[in-house]
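Asker: Pasting the sequence and the predicted coordinates here, then a few questions.
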Amino acid sequence: MNIQYNKSLLAYNTFHIDETASEFTIVKDEHQLFEVLRYAHEQQQEIKIMGGGSNILLTQKADCLIVLNQLKGIVTAEETDTFTDIQFMSGENWHQCVRYCVEKNLGGIENLSLIPGSIGAAPIQNIGAYGAELKDVFVSLTAIHTKTLQKHQFNGTQCAFGYRDSIFKHAEHRHYFIVSVTLRLQKKPAFNTDYGDIQQVLKEDFNDQRSLQHISDAVIKIRRSKLPDPEVTGNAGSFFKNPVVAEAHARQLRQLFSEMPSYPVDNGVKIPAAWLIEQCGWKGYQAGNFGVHSRQPLVLVNYADAKGADILELSNKIITSVQQRFNILLEREVNIW
Ligand code: EPU
C-alpha cells in the first residue's frame with residue numbers, strides 16, 4: 001500500500017479541477033483493496049472512491065483518503081446460445097468495454113458508447129443515452145462494504161435502478177466499493193435505433209446499414225458533435241438531470257410556452273433541462289474561464305484553471321433562474337465533493 005499525501009487530483013477528474021487530497025492511493029487488485037480498507041478503518045479515515053473522475057466536481061480540498069480504482073479484468077461468467085454474461089472488474093474503462101463487446105458482436109451496450117467513466121460507476125447512476133440504460137443489460141454486481149469489509153452481491157431489483165439513480169446514490173448504501181459488474185449481452189441483438197439522430201447518421205454515413213459496429217460508430221459521431229471532449233475541455237457530461245413534472249404543471253407550461261419539448265414518462269412528464277436552461281439565456285454563457293457549453297447547455301465547462309466553487313455557484317444561478325421562470329427545481333447529476 002502506497003499512500004501519497006497532499007496529492008493533486010488534477011489528472012484524475014474530467015472537469016480538470018486542481019484540488020488536492022490529503023491522502024491518495026491506487027488499488028490494482030482485491031488484496032490491495034482490503035489492505036487499504038483495513039488501514040482506513042484502523043485510522044478512522046474517511047474514504048472516497050474514484051473511478052474515471054467523470055461525474056464529480058471538486059470544490060474544496062478532499063480531507064480524506066481517495067482510493068483510485070484500477071481493478072482490471074474481463075471474464076465470461078455464463079454463456080448460452082442466445083446470450084453471454086460478462087463480468088467486468090470495476091476499474092475497467094466503460095467505453096473500452098463497450099468496444100470489446102461490439103468487436104465480439106455482443107449487443108446491448110453499443111448505444112452507450114463513449115460515455116466517460118469506469119464500469120464501477122455505471123450502475124451507481126444507471127448510465128443512459130440514446131434510448132438505452134445500464135439497467136437493461138444488468139445481471140448483478142459484487143461490492144465490499146467499506147466499514148464491515150463484507151462482500152455482497154446485488155441483483156437488479158436490489159439495486160433499485162431509476163433514471164440516473166440506484167441505491168448506491170443514497171446515504172445508507174454509500175459505503176460500498178463496487179468490485180465487479182456482470183452484464184448480459186445478446187448474441188442476436190435487436191438494434192435500438194429509435195433515436196432520431198442515430199437513424200440520420202446511419203442513413204447519411206453508413207448507407208442505412210445496421211450492425212453493432214455501425215450503431216456504436218454513429219453514437220460516437222453524435223456525441224463528438226454535441227458534447228465537449230473532456231480531454232480538451234474540462235466537463236462532467238450532463239450537469240443536471242432532466243426534470244420530471246406533474247402532467248398538470250406541464251399542461252400549464254405548454255400554454256405559456258407552446259414550443260416546449262416534453263416526453264411522457266411513468267411518473268409524469270420529462271422536460272429537457274437543456275431547453276429550460278437555454279430559455280433562461282445561459283446557452284454559451286462564459287464567465288472568464290468557465291461557462292455553459294454552446295451546443296449542449298446541460299453541460300458546464302471549465303475552459304482553463306477554473307475553481308470548482310465558481311462552477312458550483314454558476315450551477316446555483318442556473319437552478320435559481322429556471323426555478324423563477326418555470327417553477328421547476330433542477331437537480332444536479334454531478335456529485336459535488
Ligand atoms: N435541447 C435544447 N437546446 C439544446 C440542446 C437540446 O433545447 O441546446 C433540447 C431539445 O429539445 C432536445 C432535447 O433537449 O431534443 C434533448 O437533447 P439531447 O438529445 O441532447 O439529450 P438530453 O436530454 O439533453 C440526455 C442525457 C445525456 C445523453 C443524451 C442522449 C441526461 C441528464 N442527459 O441529454 O447524457 O447523452 O440524453 O441520450 O439525461 C450524461 O448523462 O452525462 C449525458 C450526456
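Answerer: Alright, I've got the coordinates. Numbering: from 1, shown residues only.

Asker: For the residue in the stretch 1-150 of the chain that the ligand sits nearest to, which residues count as its bridge partners?
Answerer: Closest residue of the stretch 1-150 of the chain to the ligand, Cβ to the nearest ligand atom: Ala129 (3.7 Å). Every residue, glycine included, has its C-beta placed from N, CA and C. Following DSSP bridges, Ala129 is listed with bridge partners Ala132.

Asker: residues in contact with it?
Answerer: When contacts are counted by Cβ atoms under 8 Å, 6 or more residues apart in numbering, Ala129 touches Asn111, Leu112, Ile115, Val219, Arg223.

Asker: for Asn235, same thing?
Answerer: Each residue near Asn235 by Cβ under 8 Å, 6+ apart is listed here: Thr14, Phe15, Leu227, Pro228, His293, Val299, Leu300, Val301, Asn302.

Asker: starting at the chain centroid, how far to stretch 9-23?
Answerer: Remark: stretch 9-23 is offset 18 Å from the chain centroid, using Cα atoms, centre = their mean, to the nearest Å.

Asker: mind checking the end-to-end distance for it?
Answerer: End-to-end span of stretch 9-23 (Cα to Cα, to the nearest Å): 11 Å.

Asker: Could you list the domains of this protein?
Answerer: Using automatic domain parsing, the domain parsing of the chain gives 4-69, 74-186, 234-336.

Asker: out of those, which comes closest to Ser211?
Answerer: Smallest distance to Ser211 across those (Cβ to Cβ): 8.2 Å, for domain 74-186.

Asker: End to end on the closest one, go ahead and measure it.
Answerer: 17 Å.

Asker: What of stretch 169-184?
Answerer: Start-to-end span of stretch 169-184 (Cα to Cα) is 23 Å.

Asker: Can you name the residues of the stretch 51-200 of the chain sitting close to the ligand?
Answerer: For the stretch 51-200 of the chain, the residues in contact with the ligand (Cβ under 6 Å from any ligand atom) are Ala129, Tyr130.

Asker: one step back: got a markdown table for the domains of the chain, with mean pLDDT too?
Answerer: Below are the domains of the chain laid out as a markdown table (pLDDT from 0 to 100):
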| stretch | mean pLDDT |
| --- | --- |
| domain 4-69 | 97 |
| domain 74-186 | 97 |
| domain 234-336 | 97 |
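
Asker: okay, those in TSV with distance to Gln209 next?
Answerer: Listed next are the domains of the chain as TSV, based on distance: least, Cβ to Cβ, whole Å:
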stretch	distance to Gln209
domain 4-69	31
domain 74-186	14
domain 234-336	27
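
Asker: For stretch 256-276, measure first residue to last.
Answerer: 13 Å.

Asker: Enumerate every residue touching the residue of the chain found nearest the ligand.
Answerer: Among all residues of the chain, Gly237 sits closest to the ligand, at 2.4 Å; criterion: Cβ to the nearest ligand atom. By Cβ under 8 Å, 6+ apart, Gly237 lies in contact with Ser54, Asn55, Ile115, Pro116, Leu227, Val299, Glu333, Val334.

Asker: just checking, which of those residues belong to strands?
Answerer: Counted as lying in strands by DSSP state E, out of these, are Val299.

Asker: Can you name every helix or strand that the longest strand seen in the chain contacts?
Answerer: Determined from DSSP E, the single longest strand within the chain is strand 176-186. On a contact count with 3 or more Cβ pairs under 8 Å, 6 or more residues apart in numbering; DSSP states H and E, strand 176-186 meets helix 30-43, strand 83-89, helix 121-124, strand 138-145.

Asker: one more time with 7 Å, if that's ok
Answerer: Here strand 176-186 touches strand 83-89, helix 121-124, strand 138-145, going by 3 or more Cβ pairs under 7 Å, 6 or more residues apart in numbering; DSSP states H and E.

Asker: Please save the CA atoms from the first one in PDB.
Answerer: Taking only C-alpha atoms (Å, rounded to 0.1, in the frame of the first residue of the first chain), the coordinates of strand 83-89 have been written out as PDB:
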ATOM      1  CA  PHE A  83     -26.500 -14.600 -24.600                       C
ATOM      2  CA  THR A  84     -23.200 -14.200 -22.900                       C
ATOM      3  CA  ASP A  85     -22.800 -12.800 -19.300                       C
ATOM      4  CA  ILE A  86     -19.600 -11.000 -18.900                       C
ATOM      5  CA  GLN A  87     -18.100 -10.000 -15.600                       C
ATOM      6  CA  PHE A  88     -16.100  -6.700 -15.800                       C
ATOM      7  CA  MET A  89     -13.900  -5.600 -12.900                       C
END
